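Visitor: only geometry, no sequence info:
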């Protein structure tokens, strides 16, 4: 997953992908798939989905304006001048917040959820890229004054995340879940 342009969920084995097809929330809302290094914000009902390993995703939802957005970043830190700057959490998290604020959201109405950050291959899980990705999101939220209302981070398996912008709900499917 180091190159977001080459990451293709369709190349995952069919038996893995079948496990993510059921238990999805019933909705008529359109779906948007988020690749690493991207973010998406909508004031319309949309189900934003992504697949996470050591990457992290921050979901922000405005309970007053009913606007939601999510990012998907690969690494905790990078430079703003990079070709795909949103693959770095230190840039992607403020960018997501600024997009919601630019659409009229106020910090006092925002709530957040953090996902991902697995460390399947790390010798020291506390120093893994996944752990650092999740910690970065939580620290960002503390500094911004946005309450963290949910998280599913760490572990040794990837996840599929579904975030509904109309009500801020999320659904997680763990790669290791045999259902």
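Guide: It's in. A quick note: this is a predicted structure, and the numbers were derived from the prediction, not measured.

Visitor: any idea how far stretch 73-87 is from the chain center?
Guide: Distance of stretch 73-87 from the chain centroid (Cα atoms, centre = their mean, to the nearest Å) equals 15 Å.

Visitor: residue 63: neighbour count?
Guide: Counted with other Cβ atoms under 10 Å, residues neighbouring residue 63 total 14. No exception for glycine: its C-beta is placed from N, CA and C like everyone else's.

Visitor: actually, residue 173.
Guide: Neighbours of residue 173 (other Cβ under 10 Å): 20.

Visitor: pretty sure it sits against residue 158.
Guide: No. At 9.6 Å, residue 173 and residue 158 do not qualify as touching, with contact defined as Cβ atoms under 8 Å.

Visitor: the most centrally placed residue in the chain: helix or strand, and which one exactly?
Guide: Per Cα atoms, centre = their mean, the C-alpha nearest to the average position across the chain is that of residue 57, at 1.9 Å. Using DSSP states H and E, residue 57 maps to strand 56-62.

Visitor: average pLDDT for that strand?
Guide: For strand 56-62, mean pLDDT rounds to 98.

Visitor: and stretch 105-124, what's buried?
Guide: Neighbour counts over stretch 105-124 (16 or more other Cβ atoms under 10 Å) mark 105, 109, 110, 111, 112, 113, 114, 115, 116, 117, 118, 119 as buried.

Visitor: of those residues, which pair is most distant in space?
Guide: The largest separation in these, counting by Cβ to Cβ, is between 109 and 119 at 33.2 Å.
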